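**Q** Pasting a predicted model and its sequence here:
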Amino acid sequence: MTDTTTEPSPADAASLHAPVIAWFDEHARDLPWRRPEAGAWGVMVSEFMLQQTPVSRVLPVYEQWLARWPRPADLAAEAPGEAVRAWGRLGYPRRALRLHGAAQAITERHSGDVPSDHGQLLALPGIGEYTAAAVASFAYGQRHAVLDTNVRRVFARAAGGVQYPPTATTAAERKLARALLPDDEETASRWAAASMELGALVCTARGEDCTRCPIAAQCAWRLAGKPAHEGPARRGQTYAGTDRQVRGKLLAVLRDARTPVPQSALDAVWNDPVQRARALDGLVADGLVEPLADGLYRLPG
DNA sequence: AAGGCGTGGCT
DNA sequence: TAGCCAAGCCT
């Protein structure tokens, strides 16, 4: 006697591909990094910027960035501080530094071309498991499990029957993602983009709209009555009063200054001298700020 | 492996 | 309002 009530069978898995990809064909956003002229460099830049930052905020910075540095070598030739300045208010400015470092590595080690090999991508600064798979899949059409927060949520619901995926990516999630991956490259890369877009537009963290979902009829979570998340709430990101906030204020001063700024200008952004000094030291240690002689500071040259 | 790391919009 | 959330990476 066969159990038909729990894990989806391989047949079920395959039956997800067609409706999700058909939905994607109809509803995919026309994003600049999805256009053919973006190239692998455009895809890579977008992936760096999209790490923890919404599409709407990335769009203008992406356009400026690609216009100014159309190839990795163009960025590699700049001072790292220019990358940090051009990053603007996207947040997590270490990403700008890492993207600059990746451009240098690409220029030196890969003749200026974004590598297509997953392992070579993974070796670049700022590129982890997700971004390596995303670039290889989106830019080069390869077959990779692309597990971002959107895909993890879609899988948690459709296959796992729960509202949210675990806090950290588990081996079980990777296994499921590989099992769900279509066999041929073309379909696999399409599936990766489509399942991600479904999570971004329809199967969202809050306010999901199952009436627009192409796989609602097969979704384990919906079929179970959409039970609420069990267990502890996910760790909240406190921000007010943290070193992160101070770092942000300090860096904003340096971004907006075209010449080195005196210590006094930095002192003005935060009244606790101990925390202020700790934040500044951290920025220097991270390579985001360069101390000069005479108590002057600037973005790294 | 848990926590640090920006910023802003939305509920 | 005060969280919650957004195509993660690194140590």
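**A** Yes, it's here.

**Q** for DNA strand C, what are the nearby residues on chain A?
**A** By the rule C-beta under 7 Å from any atom of the strand, the part of chain A lying against DNA strand C is A:31, A:33-34, A:46-47, A:50-55, A:91-92, A:98, A:125-132, A:134, A:148-150, A:153, A:196-197, A:199-200, A:204-206, A:233-234, A:236-237, A:239. Heads up, the C-betas are built off the backbone N, CA and C, glycines and all.

**Q** Now go through those residues and say which are in helices.
**A** A:46-47, A:50, A:55, A:98, A:129-132, A:134, A:149-150, A:153, A:196-197, A:199-200 (DSSP state H).

**Q** shaky segments in the stretch 151-300 of chain A?
**A** A:232-237 (pLDDT under 70).

**Q** can you give me the strands in it?
**A** Here the stretch 151-300 of chain A has its strands, by DSSP state E, counting those that start in this stretch, at A:261-262, A:290-291, A:296-298.

**Q** Let's have those strands in TSV, adding distance to DNA strand B and mean neighbour count.
**A** As requested, the strands of the stretch 151-300 of chain A are exported to TSV (distance: least, C-beta to the nearest atom of the strand, whole Å; neighbours: other C-beta atoms under 10 Å):
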stretch	distance to DNA strand B	mean neighbour count
strand A:261-262	16	16
strand A:290-291	16	16
strand A:296-298	15	17
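
**Q** Show me what from chain A comes close to DNA strand B.
**A** A:52-54, A:56-57, A:89-94, A:168, A:206-207, A:235, A:237, A:239, A:242-245, A:247-249, A:251-252, A:282.

**Q** among the residues you listed, which ones are buried?
**A** A:Thr53, A:Leu90, A:Pro93, A:Arg244, A:Gln245, A:Arg247, A:Gly248, A:Leu251, A:Gly282 (16 or more other C-beta atoms under 10 Å).
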